[in-house]
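J.: no FASTA, just this:
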């Protein structure tokens with residue numbers, strides 16, 4: 001009986017702790033074509049950005065967007081929050097005038113957060129903090145249709161448990177069917193690698209990698225007199241696949257990186273924005289590893305609850321932690337418009353934008369360091385998307401939602417450009433359909449056109465295509 005390595009990887013469940021991680025991988029000679037299959041990582045920020053606007057507390061200048069449309073350069077990005085990404089200017093596509101539909105969620109934060117990856121309205125109109133989205137999110141659909149054996153995409157969360165909208169609130173299996181998020185980044189890694197917390201702790205304590213643990217299991221199993229010749233053939237093929245894995249893609253973290261990840265995970269359930277974004281970076285390390293090694297074609301990373309109403313980010317001007325982010329986004333010391341005005345709150349809001357930009361830059365760096373089997377970087381093979389729930393604060397507008405796209409999805413997207421969509425209507429559904437099409441989702445073999453609210457205009461955004 002002839003047995004392929006792919007057959008072993010898919011069919012030998014339970015033989016080694018990394019099998020759930022390895023089942024989507026093939027040997028090097030068979031994987032070159034698959035290496036070009038793109039992926040999407042969604043990185044969500046709440047509360048809008050510090051953009052030019054007139055508010056009840058004053059006339060606020062532009063602090064987020066590039067100074068002009070067209071080519072992204074150090075001159076056009078400098079002095080703005082997106083300037084933190086200047087090292088990747090030639091791999092970015094910044095999109096203006098992406099507009100969500102103004103659905104009645106009963107709350108602007110619910111409208112933005114739950115519509116963000118779903119492009120549909122509320123399951124029950126006007127429900128405010130009890131809202132649920134009325135459809136599947138794009139990250140989940142990518143996983144359901146494109147992941148090996150329909151494996152769930154990764155959904156990760158950094159920030160305090162609970163909060164407005166119940167904490168993790170952007171990823172959905174279907175209408176009112178919210179997904180649970182992986183909160184601790186160490187758990188995200190354990191989930192991907194197929195080990196539990198005790199085994200992961202053992203790896204850290206012994207300063208061994210996951211593949212070291214796998215090799216120990218292989219040696220024990222192969223020494224057993226109870227195994228048939230066919231069983232041993234299967235295990236030897238699996239051992240060979242692990243060797244291919246180690247020598248090509250390095251699909252586990254090195255010993256020191258596993259220890260670093262464990263340390264970065266400490267503040268995942270914190271109100272301290274420095275710790276929260278550090279935990280988000282740890283999630284990003286796992287996300288970059290997961291997409292580069294074929295575990296998943298989709299990851300969503302949410303930072304903070306529905307209105308990120310407890311996180312206090314760093315004051316980049318004077319040091320220490322600022323007032324909670326939701327207060328800053330309202331420009332007042334309250335969760336509504338009744339509190340005292342916070343001095344220079346638009347500047348403080350821009351400090352939050354800058355810190356999210358720096359975190360996104362970290363993700364781009366992580367993706368850029370992985371080489372895919374086709375010889376190109378993971379960043380060029382997929383897309384990383386930094387998006388927001390709202391267009392601005394304190395208005396929390398559904399219009400001009402920031403979209404910063406890193407990577408071209410194997411040449412699908414333009415790069416090095418700041419573009420403004422000419423369609424001034426609710427084109428957010430088109431945005432998600434364009435991203436879905438870029439990573440391989442289709443409708444009857446053509447571009448994706450059956451995602452989101454069918455009552456909104458469909459199709460893709462040709463202005464974004466290379």
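T.: Perfect, I can see it now. Keep in mind that what you see is a predicted model, and the values were worked out from it rather than measured.
J.: CA only for contacts and neighbour counts going forward, please
T.: Fine.
J.: which helix in this protein runs the most residues?
T.: Using DSSP state H to assign secondary structure, the helix with the most residues in the chain is helix 345-368.
J.: and it, how far out from the chain's middle?
T.: Relative to its chain's centre, helix 345-368 lies at 14 Å (C-alpha atoms, centre = their mean, to the nearest Å).
J.: elements contacting that helix?
T.: helix 273-292, helix 325-330, helix 378-381, strand 383-388 (3 or more C-alpha pairs under 8 Å, 6 or more residues apart in numbering; DSSP states H and E).
J.: rerun that using 10 Å as the cut-off
T.: Applying 3 or more C-alpha pairs under 10 Å, 6 or more residues apart in numbering; DSSP states H and E, one finds that helix 345-368 contacts strand 40-45, strand 58-60, helix 273-292, helix 325-330, helix 378-381, strand 383-388, strand 403-406.
J.: which elements pack onto the fifth one?
T.: Under the contact criterion of 3+ C-alpha pairs under 10 Å, 6+ apart, the helices and strands touching helix 378-381 comprise helix 273-292, helix 345-368.
J.: still on that earlier bit, would CSV of the helices and strands packed on helix 345-368 with mean neighbour count and distance to residue 70 be doable?
T.: Listed next are the helices and strands packed on helix 345-368 as CSV, based on neighbours: other C-alpha atoms under 10 Å; distance: least, C-alpha to C-alpha, whole Å:
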stretch, mean neighbour count, distance to residue 70
strand 40-45, 24, 24
strand 58-60, 12, 24
helix 273-292, 26, 29
helix 325-330, 28, 29
helix 378-381, 27, 21
strand 383-388, 24, 19
strand 403-406, 24, 14
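J.: so which of these comes closest to residue 151?
T.: Ranking these by proximity to residue 151 (C-alpha to C-alpha) places helix 273-292 first, at 12.3 Å.
J.: tilt between that closest one and helix 345-368?
T.: 30 degrees (axes from the mean of the first three to the mean of the last three C-alpha atoms, to 10 degrees).
J.: care to break this protein down by domain?
T.: Domain assignment for the chain, taken from automatic domain parsing, gives 1-29+206-262, 32-183+268-464.
J.: out of the ones you listed, which one sits most buried?
T.: domain 32-183+268-464 (a mean of 21; mean count of other C-alpha atoms under 10 Å).
J.: mean confidence for it?
T.: Averaged across domain 32-183+268-464, pLDDT comes to 95.
J.: re earlier: out of the helices and strands packed on helix 378-381, the one nearest residue 57 is which?
T.: Ranking those by their distance to residue 57 (criterion: C-alpha to C-alpha) puts helix 345-368 first, at 9.4 Å.
J.: contacts only, for residue 57.
T.: Contact partners of residue 57, counting by C-alpha atoms under 10 Å, 6 or more residues apart in numbering, are 330, 331, 332, 341, 342, 343, 344, 345, 346, 394.
J.: please report how far it lies from residue 125.
T.: Distance from residue 57 to residue 125, counting by C-alpha to C-alpha, to the nearest Å: 31 Å.
J.: same deal with residue 170?
T.: Applying C-alpha to C-alpha, the value for residue 170 to residue 125 is 17 Å.
J.: returning to what we had before: take the contacts of residue 57 and write them to TSV, including distance to residue 412.
T.: Formatted as TSV, the contacts of residue 57 follow (distance: C-alpha to C-alpha, whole Å):
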residue	distance to residue 412
330	38
331	39
332	42
341	45
342	43
343	44
344	41
345	39
346	36
394	35
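J.: one step back: dump the helices and strands packed on helix 345-368 to a markdown table, plus distance to residue 68.
T.: Formatted as a markdown table, the helices and strands packed on helix 345-368 follow (distance: least, C-alpha to C-alpha, whole Å):
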| stretch | distance to residue 68 |
| --- | --- |
| strand 40-45 | 23 |
| strand 58-60 | 18 |
| helix 273-292 | 29 |
| helix 325-330 | 25 |
| helix 378-381 | 25 |
| strand 383-388 | 20 |
| strand 403-406 | 15 |
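J.: and the closest residue in space to residue 394 that isn't next to it in sequence, what does it touch?
T.: Once flanking residues are discounted, residue 394 sits nearest to residue 330: 4.3 Å by C-alpha to C-alpha, 6 or more residues apart in numbering. In this structure, residue 330 makes contact with 47, 55, 57, 336-339, 341-342, 345-346, 349, 392-396, judged by C-alpha under 10 Å, 6+ apart.
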